[in-house]
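[1] I would like the atomic coordinates for the input below:
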Amino acid sequence: MAQEVLSQSEIDMLLNALTAGEIDTEEIKREAQEVKTKIYDFRRPNKFSKDHMRTIHMIHENFARLVSNFLSAYLRTNIEVKIASVDQITFEDFIVSIPSPTVMTIFNMKPLLGSAVLETNPAFTFPIIDLLFGGPGEMPKKSREITDIEANVLKNIYGKMLENLTYVWSEVNEITTAIQGLETNPQMNRVISPNEIVAVITFMTTIGDYEGMINLCLPYLMLEPITLKLSSRYWFSSPEKGMKDQKQTVMESLEQTPIKLTAIGGETELTIKEFLALQLGDVLTLDNKVAEDLILLVEDKPKYTVQPGIYERKMAVQITGYWERGEKTYE
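    Model (predicted):
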């Protein structure tokens, strides 16, 4: 990079200013020293890298979209949830930053160890409660704690919200969420060590005229076993492997899907009088010949031609070919 060169007149002006004391050389030295140094608090080390934070941000952008769609459909009103920020702080700093009373949902993410926290402030919680009980989605006139009935109702809807975490984290690691309890006093929450570093994902919510906030708190100790999967190198190093994994997942799902098979032995016609006269032991003559193939229906649609027989003392059919149009039809 080319450096700017001072002219002779600019050099003379600089020297005159130094001589006259108009420029503080000590201040210049201090500014240069400040640029070279950076304050680092060893009591609060950054355990998540910038790459990890970018991946967490990307994952929970999808979570915000899914939760927004779910709440809007479930409560039949327009609810917006957008990710605002992703930071890493100590759990103690997180607890101090949230209001009281609030609603803190403690949950786990099996098979990951430990507990995480979903915190929703009153500007989100009370409009949701009002909507669930048939109201227009308004805040109470005075701040209060939630009742036991409201807590049980919220626990149900928060459980459904946390199910969306299983979808957005499935690309990183298969997890299953389960709520352990609800707490309204932040100072009583001691599920995480105060000095533990946590990733705090903040979401801004809009319900009618009320703007609220959701905080998702994920401890580093919980995510530590899968931090390698949070790097962009892991996500983009082997796209072919990802495609193969998706194909294998689809095939495994298809293999577990049950289908209905029906073998048609033949057809016959009866009058209503003959049908009503049927008794146990009567024999019906079908229109199929002994050597003629039967038709095998797959989900009530003709697909194969088969021959009947016995396999391991059970009635069975053997596929002899594909059913083709023009052969004996089945309606």
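[2] ranges for the strands of the chain?
    Assigned by DSSP state E, the strands in the chain fall at 79-90, 103-110, 116-120, 176-183, 197-207, 210-219, 261-264, 294-298, 301-311, 314-322.
[3] Pick the most deeply packed of these.
    Most buried of the strands of the chain, by mean neighbour count (mean count of other C-beta atoms under 10 Å): strand 116-120, with a mean of 24. C-betas here are computed from N, CA, C, even on glycine.
[4] And for it, what's in contact with it?
    For strand 116-120, the external contacting residues (C-beta atoms under 8 Å, 6 or more residues apart in numbering) are 98, 102-109, 128, 158, 161-162, 186, 189, 191-192, 212-219, 222.
[5] what are the ranges of the helices in the stretch 101-250 of the chain?
    Using DSSP state H, counting those that start in this stretch, the helices of the stretch 101-250 of the chain run over residues 122-132, 148-168, 220-223, 232-236, 239-255.
[6] How far does the lengthiest helix in the chain sit from its chain's centre?
    When the chain is parsed with DSSP state H, its longest helix is helix 50-75. Here helix 50-75 is found 7 Å from its chain centre; the criterion is C-alpha atoms, centre = their mean, to the nearest Å.
[7] For it, list every residue counted as buried.
    52-53, 55-56, 58-61, 63-64, 66-68, 70-71, 75 (16 or more other C-beta atoms under 10 Å).
[8] Surely residue 91 is in contact with residue 195?
    Yes: using C-beta atoms under 8 Å, residue 91 is in contact with residue 195, at 7.5 Å.
[9] For the two, work out which one has more neighbours and name it.
    Neighbours per residue, other C-beta atoms under 10 Å: of residue 91 and residue 195, the larger number sits with residue 91, 22 against 11.
[10] Not counting its neighbours along the chain, what's nearest that one?
    Spatial nearest neighbour of residue 91, excluding adjacent residues (C-beta to C-beta, 6 or more residues apart in numbering): residue 192 at 4.5 Å.
[11] swap in residue 181?
    Nearest one to residue 181, counting by C-beta to C-beta, 6+ apart, is residue 106 at 5.1 Å.
[12] which residues does the one you found contact?
    Contacts of residue 106 by C-beta under 8 Å, 6+ apart are 115, 116, 117, 179, 180, 181, 182, 183, 189, 191.
[13] in the sheet, who's paired with the third one?
    Each beta-bridge partner of residue 117 is listed here: residue 106, residue 217, as defined by DSSP bridges.
[14] And it, how far from residue 186?
    9 Å (C-beta to C-beta, to the nearest Å).
[15] Then the fifth one?
    Spatial separation of residue 180 from residue 186 under the definition C-beta to C-beta is 16 Å.
[16] cool, and the fourth one?
    Distance, residue 179 to residue 186, by C-beta to C-beta: 17 Å.
[17] Go through the helices of the stretch 101-250 of the chain and pick out the most buried.
    It is helix 122-132: most buried of the helices of the stretch 101-250 of the chain by mean count of other C-beta under 10 Å, with a mean of 22.
[18] hang on, the earlier thing: make a markdown table out of the helices of the stretch 101-250 of the chain and add mean pLDDT and distance to residue 316.
    Below are those laid out as a markdown table (pLDDT from 0 to 100; distance: least, C-beta to C-beta, whole Å):
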| stretch | mean pLDDT | distance to residue 316 |
| --- | --- | --- |
| helix 122-132 | 90 | 54 |
| helix 148-168 | 90 | 41 |
| helix 220-223 | 90 | 52 |
| helix 232-236 | 64 | 48 |
| helix 239-255 | 65 | 21 |
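[19] Which of those sits closest to residue 206?
    helix 122-132 (9.5 Å; C-beta to C-beta).
[20] elements contacting that closest one?
    helix 50-75, helix 148-168, strand 197-207, strand 210-219 (3 or more C-beta pairs under 8 Å, 6 or more residues apart in numbering; DSSP states H and E).
[21] any idea how far the second one is from the chain center?
    In other words, helix 148-168. The answer for helix 148-168 is 13 Å, by C-alpha atoms, centre = their mean.
[22] ok, now the third one?
    How far strand 197-207 lies from its chain's middle: 15 Å, per C-alpha atoms, centre = their mean.
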